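>>> Here is my input, please return the structure:
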Amino acid sequence: MMALYDPYVGKYSLLITDDDKSCRDSLRDLFEPKGYTTYIASCGREAVQIAKEEELHLLILDANLPDYSGLETLRIITREIRFSIPSIFISGEITKELQIDLISANAYSLIPKPINVHVMRDMVDLVIEKYYRKF
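Alright, predicted model coming up:
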């Protein structure tokens with residue numbers, strides 16, 4: 001079977017921010033074979049620094065990070081670096097307050113931990129399609 005040429009392969013970059021190394025590595029291993037460029041951060045400060053240096057298309061943020069929260073990290077990035085960037089949050093502890101905060105921050109989605117890789121992969125593809133693939 002002949003593979004079709006995908007003009008979008010390699011065009012989009014993701015910033016994965018989580019204090020759990022195995023989670024970061026698992027997400028990187030999920031998206032790099034699909035052609036996404038991935039950047040990895042273990043805390044909010046690292047994420048902000050990467051966002052200053054790289055062109056990013058999507059943030060994947062753990063809601064609970066050791067320094068800034070995922071929400072604070074998103075706010076810093078959108079205030080200081082890029083006015084608008086889609087974000088997907090992940091969390092092992094989903095509360096009503098977190099959901100309300102993420103809605104008010106215009107986050108695209110919240111995915112519970114442990115992460116269902118099929119849900120995460122589909123969600124990332126949906127975000128990229130919605131925000132960047134204009135036909």
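>>> And the helices in this structure?
Assigned by DSSP state H, the chain shows helices spanning 21-31, 44-53, 70-80, 96-104, 117-131.
>>> So which of those is nearest residue 86?
Residue 86 lies closest to helix 117-131 among those, at 4.9 Å (CB to CB). From N, CA and C alone the C-beta is placed, and that goes for glycine too.
>>> right, and residue 43 touches residue 61 too?
No. Between residue 43 and residue 61 there is no contact under CB atoms under 8 Å: 10.8 Å.
>>> thinking again about what came up before, next, format the helices of the chain as a markdown table and append distance to residue 12 and mean pLDDT.
Shown next, in a markdown table, are these (distance: least, CB to CB, whole Å; pLDDT from 0 to 100):
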| stretch | distance to residue 12 | mean pLDDT |
| --- | --- | --- |
| helix 21-31 | 9 | 98 |
| helix 44-53 | 15 | 98 |
| helix 70-80 | 17 | 96 |
| helix 96-104 | 22 | 95 |
| helix 117-131 | 5 | 96 |
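>>> do you know how far the residue most central in space within the chain is from residue 96?
Residue closest to the average C-alpha location in the chain (CA atoms, centre = their mean): residue 60, at 1.8 Å. Using CB to CB, to the nearest Å, residue 60 is found at 22 Å from residue 96.
>>> what do you get for residue 37?
35 Å.
>>> ditto for residue 39
Residue 39 sits 31 Å away from residue 96, going by CB to CB.
>>> which one of these two has more residues nearby?
It is residue 39, of residue 39 and residue 96, that has more neighbours when counted by other CB atoms under 10 Å, with 18 against 7.
>>> before we move on, back to that, would a markdown table of the helices of the chain with distance to residue 89 be doable?
Below are the helices of the chain laid out as a markdown table (distance: least, CB to CB, whole Å):
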| stretch | distance to residue 89 |
| --- | --- |
| helix 21-31 | 13 |
| helix 44-53 | 13 |
| helix 70-80 | 6 |
| helix 96-104 | 6 |
| helix 117-131 | 11 |
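>>> backbone phi and psi for residue 106, please?
phi 70, psi 30 (degrees, to the nearest 10).
>>> Show the contacting residues for it.
Counting by CB atoms under 8 Å, 6 or more residues apart in numbering, residue 106 makes contact with residue 84.
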